[in-house]
Structure formats: structure tokens, C-alpha cells
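Q: Predicted model follows, preceded by the sequence.
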Amino acid sequence: VYDIDDKDKLIGAYIFLDSGTYLYDLGHYQTITEGQVDWYANQIAKLDEQYQGEGTVPTIVFTHIQLPEHAIAYNKAYYKNEEGYEFVIRQDEIASDFTNEAVSSQSITSDSGLFNKMVELGSTKAVLVGHAHSYLFQVKSHGIILGYAPQCGFSKLFETNDDPRNSYVYNVNSDFSFTS
């Protein structure tokens, strides 16, 4: 993303990662691969070479399947009220249709290390995911917002397609802070 007034000035980047799908025969989600983690780190290094701001280039990562840290952060913020995990958006405070569905994620046992790499590099401000479920939240963990967008389309996962449809609109500022 380049400055509107100076088209040669990089101010941040959006990174999109393919996180695969649900593996029905194995009963779990695919995970981000080590190769994708390496690719992410290389892209941050390349973007940092162009970035003229202080520190590392700010990024927002979008992917389909949530990272294990989405479920971990949600549980630590919601059930344990643990320090270092704070809600930015909490569904039961903004919607009357709070779900009883468990927050799921990629397998914790086959974690790729992407979140740890994001924390290490200090570039990523948010990891925003979307999936065909009825919960929505944003939890801040280790300085990164882990956001879960609500279902916005129709899904074959549910027998009835009468779940509420929602979406987020992100307003990204020139410093890559954002509101939703």
C-alpha cells in the first residue's frame, strides 16, 4: 500500500495466505506450512527494504482458516480473563445471537510457527480470518489483533441457512492502525 500523496512511499502491506481447507477424512483443518512461513518472512524482508518509516513495515494478514492462536487467545481472554489477552470486539457484547459453537482452529499439535514468526518480526498488526461460522471476535495477543469475521454468505455446513449474515468493514489509516 502506497501513500496517496507520494506514490513511491510504501506505508504498509496486505498479505494473503492460503490456509487450505478442512480435511474430512482426517478430521482436522490443514495448517499453514513451514514453506509459507519462510515465504512470509522473505516478503517482510523485501518490503522492509522499500519501507521508509521507522521499524519494520506494518502488515495485515488475511487467511481463511484461523491459526491455533485465535482459539488460544479467545479462550484466555473469555474464560480466564488472562493478562495479555484483551478483547477488541467481543460478540456477546454487540450481538444478541451469541453462538454456543466452540471456537476452532488449525491443529495446535501441527502448528506451523507462523504466529511466533509474526511476533518475532514485529510487522503484522492483525491476522484476520473468515469462515462459515456464527461467531465473531477480535482479541489482541502479543501486540497482534487476531480477528474472526462472521459468516457473510451461505454455507453447506449448516442444515438451515438462517444464521445471521454479518461482515466487517475495515478502515485502515495511513499508520496501518484500523477500526472495524
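A: Thanks, I have it. Residues are numbered from 1 along each chain as shown.

Q: so the residue lying closest to Glu69 once chain neighbours are set aside is in which element?
A: What sits nearest to Glu69 in space, not counting adjacent residues and going by CB to CB, 6 or more residues apart in numbering, is Phe115, at 4.4 Å. Placement of C-beta: from N, CA and C, glycine included. According to DSSP states H and E, Phe115 maps onto helix 114-121.

Q: next one: that helix to chain centre, how far?
A: Chain-centre distance of helix 114-121: 13 Å, with CA atoms, centre = their mean, to the nearest Å.

Q: outside of that helix, which residues touch it?
A: Contacts with helix 114-121, where a contact means CB atoms under 8 Å, 6 or more residues apart in numbering, come from 17, 32, 36-37, 40-41, 44, 56, 61, 67-69, 124, 127, 142-144.

Q: Whichever of these end up buried, select them in ChimeraX.
A: Only the buried entries of the contacts of helix 114-121 go into this ChimeraX selection, using 16 or more other CB atoms under 10 Å:
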select :17,32,36,37,40,41,44,61,67,68,69,124,127,144
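
Q: CA-only coordinates of stretch 8-17 in PDB, if you can.
A: C-alpha atoms of stretch 8-17 as PDB (Å, rounded to 0.1, in the frame of the first residue of the first chain):
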ATOM      1  CA  ASP A   8       6.600   5.900  -4.300                       C
ATOM      2  CA  LYS A   9       6.300   5.800  -0.500                       C
ATOM      3  CA  LEU A  10       5.300   2.400   0.900                       C
ATOM      4  CA  ILE A  11       3.200   2.700   4.000                       C
ATOM      5  CA  GLY A  12       2.200  -0.900   4.600                       C
ATOM      6  CA  ALA A  13       1.100  -4.200   3.000                       C
ATOM      7  CA  TYR A  14      -1.700  -6.700   3.000                       C
ATOM      8  CA  ILE A  15      -0.600 -10.300   2.900                       C
ATOM      9  CA  PHE A  16      -2.900 -13.100   1.800                       C
ATOM     10  CA  LEU A  17      -2.100 -16.700   2.800                       C
END
